[in-house]
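Enquirer: following is a predicted model, sequence given first.
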Amino acid sequence: MDLRTLIPFDASTCVASVQRTGRLVVLQEGQWSGGLGHTVQSRIMEDCFYELESAPTVIGALDTPVPFAPPLENHTIPSLDHVIEVLRASVNG
């Protein structure tokens with residue numbers, strides 16, 4: 001699912017999705033540390049921790065300033081291959 005807003009945060013839709021799938025993967029383009037992804041993850045886990053079938057995961061950019069040059073920027077933000085790898089690991093345990 002794609003969150004359109006963080007305020008107000010639609011926790012009930014997120015919780016319903018995790019309860020249905022048993023999985024929680026949060027993808028953000030911002031840096032992994034200090035990003036909103038962990039806040040979103042924490043809020044959802046408050047309601048459905050025991051329904052998770054795999055470890056919850058946050059995918060984010062490298063913990064460095066994002067370079068201005070596009071080739072370097074593309075190296076720091078999550079790549080499609082990395083996202084697919086994390087999603088497969090979540091499904092396959």
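Expert: Perfect, I can see it now. Residues are numbered from 1 along each chain as shown.
Enquirer: show the contacting residues for Asp63.
Expert: Gln31, Trp32, Ser33 (CB atoms under 8 Å, 6 or more residues apart in numbering). (C-beta placed from N, C-alpha, C; glycine too.)
Enquirer: please report how far it lies from Asp10.
Expert: 28 Å (CB to CB, to the nearest Å).
Enquirer: swap in Gly60?
Expert: 21 Å.
Enquirer: quick one: which of the two has more around it?
Expert: Gly60 (20 against 13; other CB atoms under 10 Å).
Enquirer: number of nearby residues for Thr21?
Expert: Other residues close to Thr21 by other CB under 10 Å number 16.
Enquirer: for Ala89, same thing?
Expert: Count around Ala89 with other CB under 10 Å applied: 13.
Enquirer: just for the protein, where's the confidence low?
Expert: The chain contains no residues with pLDDT under 70.
Enquirer: just the helices from it, written as ranges.
Expert: If DSSP state H is used as the criterion, the helices of the chain fall at 11-21, 36-48, 70-76, 80-92.
Enquirer: what angle sits between the last one and helix 11-21?
Expert: Between helix 80-92 and helix 11-21, the angle formed by their directions is 60 degrees, by axes from the mean of the first three to the mean of the last three CA atoms, to 10 degrees.
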